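Engineer: Below is the structure, and that's it, no one-letter string:
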């Protein structure tokens, strides 16, 4: 069943800044709040605090970065959020950029796909009550296990940009999480790779959740500037630019401002009236996306949380109205 949920678009420095987004998430069909890797208040701590405040929503990470925590720590954090919230937690993980791998680990992963496969497998084993024995790779151990913790279900998601990680998600994950991926690219490249790999592995295909950047067109609002605030950092990195070029956008990492304009022009950052944005989000569902995660981060960063929450509420009202027809 296609659903819509909410992304908190900044690294929170106070829990009060996240609460309004969480309140909006309570009224979405997905009833889930997503947060990326935070270097301010730690992502899982934010979720634990919100659960402790009585917010009746689920949570997901999109994504936390593998070099920052051992797989056992990742499993422990994930099931802690599930236990505290009383809802399944989606533990989205990703290998991070090579520069971060080098900074935290001393060298980049020799094979990021292999590293992600091992990391996800270790998490799954620990979450299922098994014992991990890993004699090779970055996390050698002579046997690790977590004590039982009932009623703390965790689903593992992989951050997916291109087909190799899509195939790995089909092989191992519960969710594939996309970011800045055009709906046509999901339909034509990502979803088929996931489905084919899952079929080969003789397992159910993971569901796709897409984080979609959105901004309402308003008088005197520079949508290219909004898109640059939303994605400028990503538009300077080779792996994001490669994905966008594969999707048909001529993005150059040396010119992220032009790249931001292209995101608006090609509808990767979805703009227009709230009703027009709701139609574009429907196109993501039609492309194979089960959960569309609305991200108003560009507005949040350029104009502040008040303007962002106004956009978010308007978009989600239009989505709800469209779904009720």
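Structural biologist: Okay, I see it. Keep in mind the model is a prediction, meaning the values are calculated, not measured.

Engineer: Could you point out the longest strand of the chain?
Structural biologist: Secondary structure assigned by DSSP state E gives strand 207-216 as the longest strand of the chain.

Engineer: Pull the distance from it to the chain's centre.
Structural biologist: Offset of strand 207-216 from its chain centre (C-alpha atoms, centre = their mean, to the nearest Å): 9 Å.

Engineer: May I see the buried residues of that strand?
Structural biologist: Of the residues in strand 207-216, 207, 208, 209, 210, 211, 212, 213, 214, 215, 216 count as buried by neighbour count, 16 or more other C-beta atoms under 10 Å. For every residue, glycine as well, the C-beta is placed using N, CA and C.

Engineer: Tell me which other helices or strands that strand touches.
Structural biologist: Identification of packing neighbours for strand 207-216 by 3 or more C-beta pairs under 8 Å, 6 or more residues apart in numbering; DSSP states H and E yields strand 58-65, strand 175-179, helix 223-231, strand 270-272, helix 274-286, strand 291-295, helix 297-303, helix 305-323.

Engineer: Output these as TSV; include the columns mean pLDDT, distance to residue 96 and mean neighbour count.
Structural biologist: Formatted as TSV, the helices and strands packed on strand 207-216 follow (pLDDT from 0 to 100; distance: least, C-beta to C-beta, whole Å; neighbours: other C-beta atoms under 10 Å):
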stretch	mean pLDDT	distance to residue 96	mean neighbour count
strand 58-65	98	4	25
strand 175-179	98	13	26
helix 223-231	97	17	24
strand 270-272	98	26	22
helix 274-286	97	25	19
strand 291-295	98	19	27
helix 297-303	97	19	23
helix 305-323	95	26	18
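
Engineer: Show me the one of the ones you listed that comes nearest residue 201.
Structural biologist: strand 175-179 (13.7 Å; C-beta to C-beta).

Engineer: what's the angle between that closest one and strand 207-216?
Structural biologist: Computed with axes from the mean of the first three to the mean of the last three C-alpha atoms, to 10 degrees, the direction of strand 175-179 lies at 30 degrees from that of strand 207-216.

Engineer: which other residues reach the helix or strand following strand 175-179?
Structural biologist: Using DSSP states H and E, the next helix or strand after strand 175-179 towards the C-terminus is helix 183-185. Contacts with helix 183-185, where a contact means C-beta atoms under 8 Å, 6 or more residues apart in numbering, come from 210, 243, 246, 247, 248, 267, 280, 283, 284, 286, 287, 289.

Engineer: at 10 Å instead, please
Structural biologist: Contacting residues not belonging to helix 183-185 are listed as 161-162, 178, 191, 210, 212, 243-244, 246-249, 266-268, 270, 280-289, 292 [C-beta atoms under 10 Å, 6 or more residues apart in numbering].

Engineer: from the chain's centre, how far out does that helix sit?
Structural biologist: Here the centre of helix 183-185 is set off from its chain's centre by 16 Å, with C-alpha atoms, centre = their mean.

Engineer: in it, what counts as buried?
Structural biologist: Neighbour counts over helix 183-185 (16+ other C-beta under 10 Å) mark 183, 185 as buried.

Engineer: same thing with stretch 29-49?
Structural biologist: Result for stretch 29-49 [16+ other C-beta under 10 Å]: buried residues 29-38, 41-44, 46-49.

Engineer: Check whether residue 102 really touches residue 110, as I assumed.
Structural biologist: No - between residue 102 and residue 110 there is no contact under C-beta atoms under 10 Å: 12.0 Å.

Engineer: Looking at these two, which has the bigger crowd around it?
Structural biologist: More neighbours sit around residue 102 than around the other of residue 102 and residue 110, counting by other C-beta atoms under 10 Å; the figures are 14 against 9.

Engineer: Distance check, the more buried one against residue 284.
Structural biologist: Look at residue 102 and residue 284: by C-beta to C-beta, to the nearest Å, they are 34 Å apart.

Engineer: quick one: average confidence on the one helix or strand residue 103 maps to?
Structural biologist: For residue 103, the host element (DSSP H and E) is helix 98-105. In this model, helix 98-105 carries a mean pLDDT of 92.

Engineer: angle of that helix against strand 58-65?
Structural biologist: Orientation of helix 98-105 against strand 58-65 (the same axes, to 10 degrees) gives an angle of 90 degrees.

Engineer: centre of the chain versus helix 98-105, how much separation?
Structural biologist: In terms of C-alpha atoms, centre = their mean, the centre of helix 98-105 is set 20 Å apart from its chain centre.
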